[in-house]
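Peer 1: Predicted model, plus sequence, below.
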Amino acid sequence: MSSSSLISLTNLRMGIETERGFKTLIKHSELELPAKTAVGLVGESGSGKTLTISSILGLIPFLPGVTNGELWINFKDHENVWHDGPWISGNGYDHHEYFTWQKRLNSRMKKYRGRTISIIFQRAKSSLNPFLKIKDQIYESLQMAGEGKDYLRAIEWLTDCGFKAGEAQRVAEQYPHQLSGGQAQRAVMAVTLSSQAEIIIADEPTTGLDAKLQVETLVFMKRLLDKFQKSAIIISHNLQTLAKFTDTCYVMYKGLTVEKGPTSAILQRGGRNHPYTQKLQGEVEIAGNIGQIVTADTPGCPYFPNCDIYKKISPEAQTRCRDILPPKVMLDNDHFVRCFAFER
Ligand SMILES: Nc1ncnc2c1ncn2[C@@H]1O[C@H](COP(=O)(O)OP(=O)(O)OP(=O)(O)O)[C@@H](O)[C@H]1O
Ligand code: SF4
Ligand SMILES: [Mg+2]
């Protein structure tokens, strides 16, 4: 892990015990968040973006959950929390062991959630407490940051987040259901930023907003993240969205991180990208597998059934595509793809 990274997650593997046996949900995912940068996580629905984040937050709602992986965090207080293997999936795993580990991570991360890491969920209103006025929610955040219940500070945060004089005072007294989509989004930013958390995780923050409002919200969010020098993980279905405000992008497909690189390199067409990334480059948005469990139990490359490129490589390589997990191929120091076609 680089010493400047706040979060470093490697070799993540996750699975769930179902009536039909063990299912792998995350095959191999990773994420590194250097300080004061914005990192994007892109992929279609069901690719494992939210689960990857949930594993960092210690919020995993099923067993066995994480079966392999190493997480390092390096937050303000310079306390390192780590876990490592062997968390071996497959035959003979011990539920008790996983449960104990998940409980331990959950209780460890509890003290960081909201305080060091703030999360904006898919729909703005679901990030707000429906029973509390906006000002009370900002008070809670201010208290987390060690400040008092200060009305003027709450108004200041609302103003910083784009509410005009008069509107800020009105919104402060309102409940979330009284706000429009755009207002709720700005109120969420005020609640999130006023906790002075170092890291903001936004999980598809503009879902549910119309296209114009999506762009406005993202531009605005980017301005705030820069102004307050936050580190951020932004999740999206849409590569073009992430292009607007991330430095690095991770591309996920069916539980596998298929590519990571500087956002400019991920966006640049010309064939130096994973075949799935190339597909994303040509699409406004790929819906994916909404509402289905996407399992990652096949041994080889999960993109194999949809990939056109494997047909152009040697028969021996084609067999590898189907049967073996593609290793990382470095295209640059900070850019890799998991694809046999790039092996020299
Ligand atoms: N609590 C759960 N129980 C069972 N399966 C789950 C659970 N949470 C996620 N999964 C499954 O794990 C896979 C990855 O889910 P995840 O929510 O991480 O996808 P995602 O990339 O965030 O998708 P979306 O863009 O739709 O939010 C999916 O197949 C999903 O059905
Ligand atoms: S590893 Fe093979 S199947 Fe997977 S993306 Fe590359 S060429 Fe296609
Ligand atoms: Mg999700």
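Peer 2: Good, I have the coordinates. Ligands and ions are numbered 1, 2, ... in the order given.

Peer 1: What is the neighbour count of the closest residue to residue 254 other than its chain neighbours?
Peer 2: Counting by C-beta to C-beta, 6 or more residues apart in numbering, residue 302 is the residue found nearest to residue 254 once chain neighbours are left out, at 3.7 Å. (Each C-beta comes from the backbone N, C-alpha and C, glycine too.) Summarising burial for residue 302: neighbours were counted as other C-beta atoms under 10 Å, giving 26.

Peer 1: Could you pull up the contacting residues of residue 302?
Peer 2: 27, 253, 254, 255, 256, 296 (C-beta atoms under 8 Å, 6 or more residues apart in numbering).

Peer 1: what sits against the fifth one?
Peer 2: With contacts defined as C-beta under 8 Å, 6+ apart, the neighbours of residue 256 are 27, 28, 29, 48, 296, 301, 302, 325, 338.

Peer 1: cutoff 10 Å now
Peer 2: 26-30, 43, 47-48, 274, 276, 296, 301-303, 325-326, 338 (C-beta atoms under 10 Å, 6 or more residues apart in numbering).

Peer 1: Output the set of residues of this protein in proximity to ligand 1.
Peer 2: By C-beta under 6 Å from any ligand atom, the part of the chain that sits against ligand 1 consists of 16, 25, 43, 45-51, 61-62, 237, 290, 293-294.

Peer 1: run the last query once more with 5 Å
Peer 2: Applying C-beta under 5 Å from any ligand atom, one finds that the chain approaches ligand 1 through 25, 45, 46, 47, 48, 49, 50, 51, 61, 62, 293, 294.

Peer 1: Tell me the one among those nearest to residue 197.
Peer 2: Using C-beta to C-beta, the shortest approach to residue 197 within those belongs to residue 50, at 18.7 Å.

Peer 1: Tell me which stretches of the protein form helices.
Peer 2: Along the chain, the segments classed as helices by DSSP state H run 49-57, 95-110, 134-144, 151-160, 167-172, 181-194, 211-227, 239-243, 263-267, 275-281, 315-323.

Peer 1: follow-up on the earlier one: now intersect the contacts of residue 302 with the strands, please.
Peer 2: Per DSSP state E, strands hold the following members of those: 27, 253, 256.

Peer 1: Nearest spatial neighbour of residue 209, chain-adjacent residues omitted?
Peer 2: Excluding its sequence neighbours, the residue lying closest to residue 209 (C-beta to C-beta, 6+ apart) is residue 181, at 5.2 Å.

Peer 1: Same question for residue 17.
Peer 2: Leaving aside its chain neighbours, residue 17 sits nearest to residue 63 (5.9 Å; criterion: C-beta to C-beta, 6+ apart).
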